[in-house]
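>>> I'll drop the sequence and a predicted model, then ask my questions.
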Amino acid sequence: IRDITGKIWISTENGIESFRIKNHSITAHEIYNQTYGAYLTDAENVLLGANGLPYWNVGPKKLVIDTSFMITKKGKPTFSFRNIEIDNRILSPTDKITLHPNQKLTIYYNTIDWGRENNLRLNYLLISNKKDTTERSVQNSGSIIINDVLPGKYRILLKANDNNTIFYSKAIKFTVNDFWFNTWTFRIVFGLLVLSGILFYFRQKAKRQTFLNEQLQKKVHEQTQLIERERDALLVSYHTIDKQNREKDVLIDEINHRVKNNLQFIAAILELQLDKQVSAEVIQALLETSRRIKAMSLVHELLYYKQEQKGLPMQIYIQELVDNLVEMAVDDASPVNIEMDIEDLIMDSKTALALGIIISELVSNSFKHAFENIQEPHIRIQLRKDSDSDFIRLTVSDNGTGFQTQPEFPNGLGSSLVDIFSRQLEGTYTKQTQGFFHYELLFKLNTNEKH
């Protein structure tokens, strides 16, 4: 409706609003909401009174406009506290207010500043008996909610800021009592009970402990005598086993030394036969047999000289084996480039001997047959452990002509030995023989083999 002064009044969800319109434009806009009194937001339809001013029906009450109120006045705002709630229990601001830390305190208030309510910035101050002060904004909500406060005595008051002019309300005092189980009386009584219980417990425990100590000392004495007897027996057994181990090591070293000497002696006898008037086939057979015997002899030689290691160092063994093969088979006029990539592995004698025979047969075959009309002959030997498994991979390859110029190797003694020792290692192998030679063996190292 439009009142006698020309203002337009409406009721909205924000409260009561007034407008002044001139030339189809809004020149003034006021909102009267909860800061003027909580019931303003409950006003319904606006009506025009006989005096030309608006009024509202709020339940049994009649809300009218006081024209003097519409004139902005300078002065101190009016603060009023309507009621107080602790959880759902309603109190008067004059009542003694006490609560516990887990309860919620709600204080409802009104603020009137004679037409300047929209200019106020409202905060509230929470002051403890220790003079600690907390200031928080209430944003003209009409209520202050406080919870989770530590035990103690407090004062709470409103603080209004009107263009940097500060006004304070009267303080409301309240007390936050601690829970009964956090009081000093309870703590002292409970502490005395606990202390009495502890003293009684330790007295009984001391009596029991004395009895147990006597029994324990008796058992300790008996067990000490038993342990001393067992220790003496173990020392005798240890010295006996140590003596037997030293004797066994001496015997093994002697066996390796004699086997190495015997194999070298056999190889030397075979090589002496080369000076006799025998055919080329016999000479070749004697050389092949001597080479194989030397490969086996090298295993026992390394076992004899590398006594401190638990097995054969494959880098040293394969290097010396290949050096012997080169010395026996390679002509200085046509040197063969041998590339070796051998991981520092320690293997038992059985595995090392099998790998030695395989490498010896494959490399010797390449020396004899692979490099006819090859300008830069090359042999590559690789022995490495796969990074993603426990398998060992042996690779022997050359850049020769393959088996098309080596017809006797696939079905000869050398090929049979390679197959036999590959299966002895429980491995799987593949051969590429067309245009070049490539052999690859994959086997798993048997860690239970004796060295």
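Sure thing, it's come through. Numbers count the residues shown, from 1 in each chain.
>>> in the stretch 101-250 of the chain, which spans are strands?
Here the stretch 101-250 of the chain has its strands, by DSSP state E, counting those that start in this stretch, at 105-112, 120-128, 133-137, 143-146, 152-162, 165-168, 172-176.
>>> give me the residues contacting the longest one.
Residues external to strand 152-162 that are found in contact with it (C-beta atoms under 8 Å, 6 or more residues apart in numbering): 77, 79, 107, 109, 111, 113, 116, 119-130, 135, 138, 144, 146, 166-176. Every residue, glycine included, has its C-beta placed from N, CA and C.
>>> now that strand: mean pLDDT?
For strand 152-162, the mean per-residue pLDDT is 90.
>>> I'd say Asn177 and Thr98 touch.
Yes - here Asn177 reaches Thr98: they are 5.7 Å apart, a contact under C-beta atoms under 8 Å.
>>> which among the contacts of strand 152-162 end up buried?
Among the contacts of strand 152-162, those that count as buried by neighbour count (16 or more other C-beta atoms under 10 Å) are 77, 79, 107, 109, 111, 113, 116, 120, 122, 124-127, 138, 144, 146, 167, 169, 172, 174, 176.
>>> count of neighbours near the closest residue to Gly400 other than its chain neighbours?
Counting by C-beta to C-beta, 6 or more residues apart in numbering, Gly400 lies nearest to Ala370, which is 2.6 Å off, once chain neighbours are set aside. Number of residues near Ala370 (other C-beta atoms under 10 Å) recorded here: 25.
>>> cool, and Ile358?
26.
>>> which helix in the chain runs the most residues?
helix 184-272 (DSSP state H).
>>> which other helices and strands contact that helix?
Helices and strands touching helix 184-272, by 3 or more C-beta pairs under 8 Å, 6 or more residues apart in numbering; DSSP states H and E, are helix 280-305.
>>> I'd like the average pLDDT over the helix it packs on.
Helix 280-305 carries an average pLDDT of 67.
>>> kindly report the same for stretch 206-217.
90.
>>> please apply the same query to stretch 172-179.
91.
>>> which residues touch it?
Contacts for stretch 172-179 (C-beta under 8 Å, 6+ apart): 81, 84, 93, 97-101, 105, 107, 149-157.
>>> again, but for stretch 92-108
38, 81-87, 91, 142-151, 156, 172-179.
>>> let's go with 7 Å and repeat that
Contact with stretch 92-108 is made by 38, 81-87, 91, 142-151, 156, 172, 174-177, 179, as judged by C-beta atoms under 7 Å, 6 or more residues apart in numbering.
>>> next one: that stretch to chain centre, how far?
Computed by C-alpha atoms, centre = their mean, to the nearest Å, the chain-centroid distance of stretch 92-108 equals 49 Å.
>>> pull out the buried positions in that stretch.
Those would be 97, 99, 103, 105-108, for stretch 92-108 by 16+ other C-beta under 10 Å.
>>> strands along the stretch 351-451 of the chain, start to end?
378-385, 391-398, 428-432, 437-444.
>>> columns mean pLDDT on top of the ones you listed, output as TSV?
Putting the strands of the stretch 351-451 of the chain into TSV (pLDDT from 0 to 100) gives the following:
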stretch	mean pLDDT
strand 378-385	93
strand 391-398	92
strand 428-432	89
strand 437-444	92
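>>> Ile146 and Thr133, how far apart?
Per C-beta to C-beta, to the nearest Å, Ile146 is found 14 Å from Thr133.
>>> thinking again about what came up before, what residues does the residue nearest to Gly400 make contact with?
398, 400-401, 406, 437.
>>> out of these, which is most surrounded?
Top of those by neighbour count (other C-beta under 10 Å): Asp398, with 26 neighbours.
>>> quickly list what it is bridged to.
Beta-bridge partners for Asp398, by DSSP bridges, are Ile379, Phe437.
>>> quick check, central residue of the chain?
Asp388 (22.6 Å; C-alpha atoms, centre = their mean).
>>> okay, and the helix or strand of the protein with the least pLDDT?
helix 280-305 (a mean of 67; mean pLDDT, DSSP states H and E).
>>> check the offset of the next helix-or-strand element following that one from the chain's centre.
Sequence order places strand 312-313 as the next helix or strand after helix 280-305, per DSSP states H and E. Strand 312-313 sits 39 Å away from the centroid of its parent chain (C-alpha atoms, centre = their mean).
>>> which helices and strands sit right next to the following helix or strand past strand 312-313?
Sequence-wise, the next helix or strand downstream of strand 312-313 (DSSP H and E) is helix 314-329. Contacts defined by 3 or more C-beta pairs under 7 Å, 6 or more residues apart in numbering; DSSP states H and E place helix 314-329 against helix 280-305, strand 337-342, helix 349-365, strand 378-385.
>>> how close does the closest residue to Ile166 other than its chain neighbours sit to Leu120?
Counting by C-beta to C-beta, 6+ apart, Ile166 lies nearest to Lys159, which is 6.5 Å off, once chain neighbours are set aside. Going from Lys159 to Leu120 by C-beta to C-beta gives 10 Å.
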